[in-house]
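>>> coords please:
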Amino acid sequence: MVLFTKYTLLSIFLFGGITIHNSIAQELFTAPNSSTKTRWISPENPTGEKGKGGLTNKGAKGNAFYIIQPGDTQILMNVKGAGIVQRMWMSGTIAKNAEQRRAVVINMYWDESEKPAVSAPVGDFFGVGLGLMASYDNELFSSPEGRSFNFAIPMPFRTAAKIEIVNESSSQVLFWYDINYLEMDQLPDYAMYFHACWSRDLKTELGKDFQILPKVEGKGRFLGINVGVIGDKGYLGSWFGEGEVKVYLDGDMDNPTLQGTGTEDYIGSGWGQGVYHGLRFGSLISDKENDIYAFYRFHTADAVYFHEDIRVTIQQMGNSNRTNLRKMKINSMEILPVWHLETHGQDILKAIGKPVEHVRFLDMEHPPDVMSDDFPAGGSTNYYRCDDVSATAYFYLDKPTNNLPPIASVELRLKDMQKKVWGKLKGR
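Reported below is the predicted structural model:
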């Protein structure tokens, strides 16, 4: 498991003992050194201190959750010293309420920084976009039955760690949680800080890539993404996912160093996108009727490192035929044909051994208008389109703060979500 290669070394650093390389199992029976201590934080032990659990109601269940009123902030964890957050579980009304999953924010601060390293809507942060719920289990996040959230991500800190929940929803939140972490004397120099950011564009600009991760400066590792797409109904339910993910590394400007071949390709599938979830790839929501998708990809087995800066984008590109493209044009939809695959009347899966041609419209000095007879009639066309796109990006950085802007307002996070998504996918 590549994500934990350094974490494995970190555990060896902390626990001591004989090392057998590439054997995760060694961690299970390696004795800890005296400076490494296990701590759990929950409402039953808010500080995680030794011997301070279960102090209410004579040790029976007495303080299992917090009530967070609209506009209030609840600090979940606030500890000093060095350590590693290992895991968090949470549930409550957020798991049952779509508005709360998008309006309630989780913030994480490392080493007494005033600016959060993590700031995202709770639902989106825990791996499901669009404020939706699903049952899933992957390498970083899980919701075993679709009514809780878990993460298992090592999050080191050197002098302090604070995690808080900000209730920007219109109703009170009942919040159950626990946070498991290790307390220790110090971390090795190579241990980096975990970061996450969220963004949304209500209508992407035609021909302009959506920024999953705006430019981040520093040295680190890009961990991955989860993305939510709400297709505009004017695109007639055509396939949305021809956009390619681009990763700009260490000074890349106009062209990226890393580039995929299409959305469903990037998340490990092909020829469209159904519902599935795996360790590193998944599409938890794939509603073709309403053109609503939520999907993820984690770079835990294929490390993406950067030394100076990084930026990650995804193209807004769909695929359809000439008949549908003409209907879109008549209905004043924004489209720009990009690339055409001509299979001379054959379904592409039946075109093996037969002529296949590419038409690259953007390379042409005078590309044909979609309404003209010169526009290819057969095959399929990729075209730029404008959709409602949101994303959470996860990464490690060599410093406890980043240069990204603060999270978008609750008004933007919630705008039209009931009409576009929650009213259509009831029960999610």
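
>>> where do the helices sit along the stretch 201-350 of the chain?
All helices of the stretch 201-350 of the chain, identified by DSSP state H, counting those that start in this stretch, fall at 263-266, 322-330.

>>> Ok, which of these comes nearest Val312?
Ranking these by proximity to Val312 (CB to CB) places helix 263-266 first, at 10.8 Å. C-betas here are computed from N, CA, C, even on glycine.

>>> just checking, what packs against that closest one?
Using 3 or more CB pairs under 8 Å, 6 or more residues apart in numbering; DSSP states H and E, no helix or strand is in contact with helix 263-266.

>>> in that helix, what's buried?
Thr263, Glu264, Asp265, Tyr266 (16 or more other CB atoms under 10 Å).

>>> gap between the two ends of stretch 378-387?
Criterion CA to CA, to the nearest Å; first-to-last residue distance in stretch 378-387 is 26 Å.

>>> how many neighbours does Ala82 have?
20 (other CB atoms under 10 Å).

>>> Now do stretch 230-246: distance from first to last residue.
Start and end residues of stretch 230-246 are separated by 20 Å (CA to CA).

>>> Centre of the chain to that stretch, how far?
Chain-centre distance of stretch 230-246: 19 Å, with CA atoms, centre = their mean, to the nearest Å.

>>> if we can go back for a sec, any chance of the helices of the stretch 201-350 of the chain in JSON lines, with distance to Tyr109 too?
Below are the helices of the stretch 201-350 of the chain laid out as JSON lines (distance: least, CB to CB, whole Å):
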{"stretch": "helix 263-266", "distance to Tyr109": "31"}
{"stretch": "helix 322-330", "distance to Tyr109": "46"}
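
>>> Those: which one's closest to Pro368?
helix 322-330 (10.4 Å).

>>> Please name the bridge partners of the closest residue to Leu202 other than its chain neighbours.
Distances taken as CB to CB, 6 or more residues apart in numbering place Asp388 nearest to Leu202, at 5.4 Å, with adjacent residues excluded. As for beta bridges, Asp388 partners with Ile230 under DSSP bridges.

>>> got the contact list for Asp388?
By CB atoms under 8 Å, 6 or more residues apart in numbering, the contact list for Asp388 reads Arg200, Asp201, Leu202, Lys203, Thr204, Val229, Ile230, Gly231, Asp232, Asp416, Lys420.

>>> Mark which of these are buried, thanks.
For the contacts of Asp388, buried by 16+ other CB under 10 Å: Arg200, Asp201, Thr204, Val229, Ile230, Gly231, Asp232, Lys420.

>>> My read is that the second one contacts Phe210, right?
Yes: contact status for Asp201 versus Phe210: in contact at 5.8 Å, counting by CB atoms under 8 Å.

>>> Any chance you could list residues touching both of the two?
Val389.

>>> Tell me where the model's unsure across this protein.
Flagging of the chain using pLDDT under 70 yields the residue ranges 1-26, 343-356.

>>> Okay, domains of the protein per the record?
The chain breaks down by automatic domain parsing into domains covering 1-33, 35-316+387-407, 318-384.

>>> Where does Leu28 sit: helix, strand or coil?
Put simply, Leu28 is helix when judged by DSSP: H, G, I helix; E, B strand; the rest coil.

>>> Report how many residues lie close to it.
7.

>>> So it versus Ile179, what's the distance?
The gap separating Leu28 from Ile179 is 22 Å, by CB to CB, to the nearest Å.

>>> Check Lys288 too.
The spacing between Lys288 and Ile179, counted by CB to CB, is 38 Å.

>>> again with Arg413
24 Å.

>>> what's the answer for Tyr383, then?
Distance from Tyr383 to Ile179, by CB to CB: 46 Å.

>>> For those two, indicate the residue with more neighbours.
Tyr383 (27 against 22).

>>> List phi and psi for that one.
Per-residue torsions, Tyr383: phi -140, psi 140 (degrees, to the nearest 10).

>>> Is it in contact with His340, as I believe?
No: Tyr383 is not in contact with His340 according to CB under 8 Å; the separation is 9.4 Å.

>>> Can you pull the phi/psi pair for the residue nearest to Gly146 when sequence neighbours are not counted?
Spatial nearest neighbour of Gly146, excluding adjacent residues (CB to CB, 6+ apart): Ser135 at 4.0 Å. According to degrees, to the nearest 10, the main-chain angles of Ser135 amount to phi -90, psi 120.

>>> Test my guess that Ser135 contacts Ser143.
Yes: counting by CB under 8 Å, Ser143 is a contact partner of Ser135 at 6.0 Å.

>>> more crowded one of those two?
Relative neighbour count places Ser143 above the other of Ser135 and Ser143, with 22 against 12, counting by other CB under 10 Å.

>>> how many neighbours does Arg280 have?
18.

>>> those strands in the stretch 1-150 of the chain, which residues are they?
Under the criterion DSSP state E, counting those that start in this stretch, the stretch 1-150 of the chain contains strands at 37-41, 66-68, 73-80, 82-92, 104-110, 118-121, 136-137, 141-143, 149-151.

>>> Can you lay out those strands as a markdown table showing distance to Thr47?
Listed next are the strands of the stretch 1-150 of the chain as a markdown table, based on distance: least, CB to CB, whole Å:
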| stretch | distance to Thr47 |
| --- | --- |
| strand 37-41 | 7 |
| strand 66-68 | 14 |
| strand 73-80 | 7 |
| strand 82-92 | 13 |
| strand 104-110 | 17 |
| strand 118-121 | 21 |
| strand 136-137 | 31 |
| strand 141-143 | 26 |
| strand 149-151 | 21 |
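
>>> Which among the ones you listed is found nearest to Tyr276?
If we rank the strands of the stretch 1-150 of the chain by CB to CB, the stretch that ends up nearest is strand 136-137, at 9.5 Å.

>>> Remind me what that closest one packs against, helices and strands.
By 3+ CB pairs under 8 Å, 6+ apart, strand 136-137 packs against strand 141-143.

>>> contacts for the strand it packs on?
Under the contact criterion CB under 8 Å, 6+ apart, strand 141-143 has outside partners 95, 126-128, 133-137, 149-152.

>>> What about Asn180? Give its phi and psi, please.
Taking degrees, to the nearest 10 as the convention, Asn180 sits at phi -110, psi 130.

>>> gap between the nearest residue to it once chain neighbours are set aside and Trp40?
The shortest distance from Asn180 to any non-neighbouring residue, by CB to CB, 6+ apart, is to Arg87 (4.5 Å). Relative to Trp40, Arg87 is positioned 10 Å away (CB to CB).

>>> residues bridging contact with those two, i.e. touching both?
Ile179, Asn180.

>>> Next, count neighbours for the spatially closest residue to Ala60 that is not a sequence neighbour.
Leaving out its chain neighbours, the residue that sits closest to Ala60 by CB to CB, 6+ apart is Gly54, at 7.8 Å. Neighbourhood size, Gly54 [other CB under 10 Å]: 15.
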